[in-house]
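Enquirer: sequence unknown, structure follows:
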């Protein structure tokens, strides 16, 4: 090998060594970079895991607090429902010539429907049915307040004191609604309600009533078409702007009176169709020979079958009277 060949050979060896050294350096740099990235990733991962674990603990604590609050709320709602239920009739009144029945199905634990049947004196029974707008606690509070105002023993709204015997005077249905309209203006309570108040003289067979934009009660007759009790005025809550009218109707043995809230007629099926007043009136007419309790049960079952399992969107109340 001559000197020139020897020089080329050494040059190639030098380049090879240089390339190898460069590769080793690059590998070292890459290793150090990857190690730094790995260490950084580990630190980031540990930080994420730490934050996640803390968040999980905080979330578990919040869930526990929420469950505790929900239990307290459920207990409060159950107690409120019990109070509201205590305002409903606790037993069927034993009154000559009359038989009563009712059905009450709230769509929530507490609702906006309220009704009652009570003796005014030895000749008269008082009845009312009320439907407060909305649902839940605010509506229920209004029902409690109104029911107390209509309490024949505690308040003087349905019976007024007099100096002359018999020391009292029954307040007419129109005046009762007029007073409620003035006492429960919408701007004060942010609620309004529909109502019917009736006085039944079970000695003479006369009903005097006034209707505040409530679905008209259905008076079923044995041998002729039913009558709707429409006379009255607008919703309660207008603040005494409009007066209420009243009407007196005669009833006979065998007649039946059915009061209801629009929860039954506004119940929908899966096609979005309403049960409707017309269907309810037809069902009541076709089955008016049934005793009053069986009649209300039949109507409620028909509504349920029509809805085909749909949940209620409003409270359902029916109050019936049979004249014997």
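Expert: Everything's here; your move. None of these values were measured; they are calculated from a predicted model. Numbering: from 1, shown residues only.
Enquirer: Check which residues of stretch 232-244 are buried.
Expert: For stretch 232-244, the neighbour count (16 or more other C-beta atoms under 10 Å) marks 232-238, 244 as buried. All C-beta atoms are positioned from the backbone trio N, CA, C, and that covers glycine.
Enquirer: Mind picking the lowest-pLDDT entry from these?
Expert: Within the set of the buried residues of stretch 232-244, pLDDT is lowest for residue 238 (88).
Enquirer: does the closest residue to that residue other than its chain neighbours sit in a helix, a strand or a coil?
Expert: Spatial nearest neighbour of residue 238, chain neighbours left out: residue 181 (5.9 Å); criterion: C-beta to C-beta, 6 or more residues apart in numbering. The three-state assignment at residue 181 reads helix, by DSSP: H, G, I helix; E, B strand; the rest coil.
Enquirer: Farthest-apart pair in the buried residues of stretch 232-244, please.
Expert: Pairwise distances across the buried residues of stretch 232-244 (C-beta to C-beta) peak at 14.1 Å, for the pair 232 and 237.
Enquirer: Next up, the contacts around the nearest residue to residue 172 once chain neighbours are set aside.
Expert: Nearest non-adjacent residue to residue 172, counting by C-beta to C-beta, 6+ apart: residue 246, 6.1 Å away. Residues in contact with residue 246 (C-beta atoms under 8 Å, 6 or more residues apart in numbering) are 172-174, 208-210, 231-232.
Enquirer: Check the gap between the spatially most central residue of the chain and residue 253 for me.
Expert: Note on the chain: the residue nearest the mean C-alpha position is residue 135, at 3.5 Å, using C-alpha atoms, centre = their mean. Distance of residue 135 to residue 253, given as C-beta to C-beta, to the nearest Å: 40 Å.
Enquirer: repeat for residue 147
Expert: Here the criterion is C-beta to C-beta. By it, residue 147 lies 31 Å from residue 253.
Enquirer: hang on, the earlier thing: most neighbours out of the contacts of residue 246, which is it?
Expert: Greatest neighbour count in the contacts of residue 246, by other C-beta atoms under 10 Å, goes to residue 173: 30 neighbours.
Enquirer: Quick check, that residue in contact with residue 207.
Expert: No - using C-beta atoms under 8 Å, residue 173 makes no contact with residue 207, being 9.5 Å away.
Enquirer: Now do the shared contacts for those two.
Expert: Common contacts of residue 173 and residue 207 (C-beta under 8 Å, 6+ apart): 198-199.
Enquirer: re the thing from before, leaving out the residues flanking it, which one is nearest to the residue nearest to the centre of the chain?
Expert: residue 108 (5.4 Å).
Enquirer: tell me the contacts of that neighbour?
Expert: 135-136, 315.
Enquirer: of those, closest to residue 280?
Expert: Comparing the contacts of residue 108 against residue 280 with C-beta to C-beta places residue 315 closest, at 15.6 Å.
Enquirer: can you count the residues close to the closest one?
Expert: Neighbours of residue 315 (other C-beta under 10 Å): 24.
Enquirer: List the residues that contact the closest residue to residue 324 other than its chain neighbours.
Expert: In space, and not counting its chain neighbours, residue 324 is closest to residue 97: 5.1 Å by C-beta to C-beta, 6+ apart. Shown in contact with residue 97 (C-beta under 8 Å, 6+ apart): 202, 205, 253, 323-324.
Enquirer: Mark which of these are buried, thanks.
Expert: 202, 323.
Enquirer: Which members of the contacts of residue 97 are positioned in strands?
Expert: residue 323 (DSSP state E).
Enquirer: and residue 245, what is it in contact with?
Expert: Contacts of residue 245 by C-beta under 8 Å, 6+ apart are 174, 210, 231-233.
Enquirer: now, among the contacts of residue 108, which is nearest to residue 90?
Expert: residue 315 (18.9 Å).
Enquirer: So the closest one is in contact with residue 112, correct?
Expert: Yes - contact criterion C-beta under 8 Å: residue 315 and residue 112 qualify, at 6.1 Å.
Enquirer: if I look at these two, which residues touch both of them?
Expert: What both residue 315 and residue 112 touch, as defined by C-beta under 8 Å, 6+ apart, is the set 131, 135.
Enquirer: where does residue 257 fall, phi/psi-wise?
Expert: When read as degrees, to the nearest 10, the backbone of residue 257 gives phi -120, psi 130.
Enquirer: ranges for the strands of this structure?
Expert: Using DSSP E, strands in the chain cover 98-105, 113-119, 124-132, 159-161, 168-170, 193-201, 206-212, 218-220, 227-228, 232-233, 247-250, 256-260, 316-323.
Enquirer: What residues sit buried inside the fifth one?
Expert: Spelled out, that is strand 168-170. For strand 168-170, using 16+ other C-beta under 10 Å, the buried residues are residue 170.
Enquirer: That strand: partners in the sheet, and parallel or antiparallel?
Expert: Applying DSSP bridges, strand 168-170 is found paired with strand 159-161 (antiparallel).
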